[in-house]
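Colleague: Could you work out the structure for the sequence below:
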Amino acid sequence: MPDTEHLNLEARIVQQVIQGDKQAFGQLYEIYADRIFRYLFFRTGTEVVAEDLMCDVFFKAWAALPEFNLDKKHNNFKAWLYRIAHNTLIDHRRTHKTEIPIDQLVELQSVSEKPEEISHLLADLNTLDNLSRQVLIHRFVAGLSHRETAALLGIREANVRVIQFRAIKKMREISGDGYEGK
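Modeller: Next up, the predicted model:
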């Protein structure tokens with residue numbers, strides 16, 4: 001469960017932004033920019049595209065933030081922001097129709113300190129079905145909770161846990177390595 005103190009601070013910052021404080025939005029950007037970039041980069045495989053999409057995500061968040069607290073489903077800013085990132089990614093794929101296979105993410109080496117481990121991980125992720133791959137990316141790359149992942153993918157939280165467990169088990173069997181689940 002998310003840290004209550006962090007959620008309270010985040011809620012105060014969001015309220016400041018809704019009241020027109022642009023510097024407060026800068027704080028939210030600082031907190032989430034790297035996370036959103038990694039999520040988008042892992043899904044697109046291109047640094048430039050991930051940066052462009054990240055800018056779109058924060059522009060959309062800025063525009064929609066006054067509506068954030070009006071809808072009771074949007075009580076978790078992080079989950080709401082990842083939903084915007086997910087939808088932005090879907091829109092991008094619809095308009096560009098080119099998707100790089102996960103095992104060809106060469107640029108990821110520039111983001112990682114251990115490129116050989118990343119390439120091994122990507123090859124193993126490529127053996128999973130799309131839903132399992134999405135669950136692992138949301139959980140471990142984006143750092144979302146089980147609940148946030150479930151909301152983002154439109155499935156039950158219990159399903160996320162089962163899919164995660166089975167995906168990690170399959171990756172262990174394939175690689176012979178010990179992947180750790182959270």
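Colleague: what's the pLDDT at the closest residue to Arg147 other than its chain neighbours?
Modeller: Using CB to CB, 6 or more residues apart in numbering and skipping residues adjacent in sequence, the residue nearest Arg147 is Glu157, 5.3 Å away. Using the backbone N, CA and C atoms, a C-beta is placed for each residue, glycine as well. Per-residue pLDDT puts Glu157 at 88.
Colleague: Tell me how far Glu157 lies from Val135.
Modeller: Applying CB to CB, to the nearest Å, the value for Glu157 to Val135 is 11 Å.
Colleague: residue ranges for the helices of the chain, please.
Modeller: 4-18, 22-44, 47-64, 77-96, 115-125, 130-136, 146-153, 157-175 (DSSP state H).
Colleague: which stretch in those helices is the model least sure about?
Modeller: Lowest mean pLDDT of the helices of the chain: helix 115-125, a mean of 66.
Colleague: Give the burial count for Val48, as a bare number.
Modeller: 10 (other CB atoms under 10 Å).
Colleague: and this structure, what are its domains?
Modeller: As given by automatic domain parsing, the domain ranges for the chain are 1-100, 107-182.
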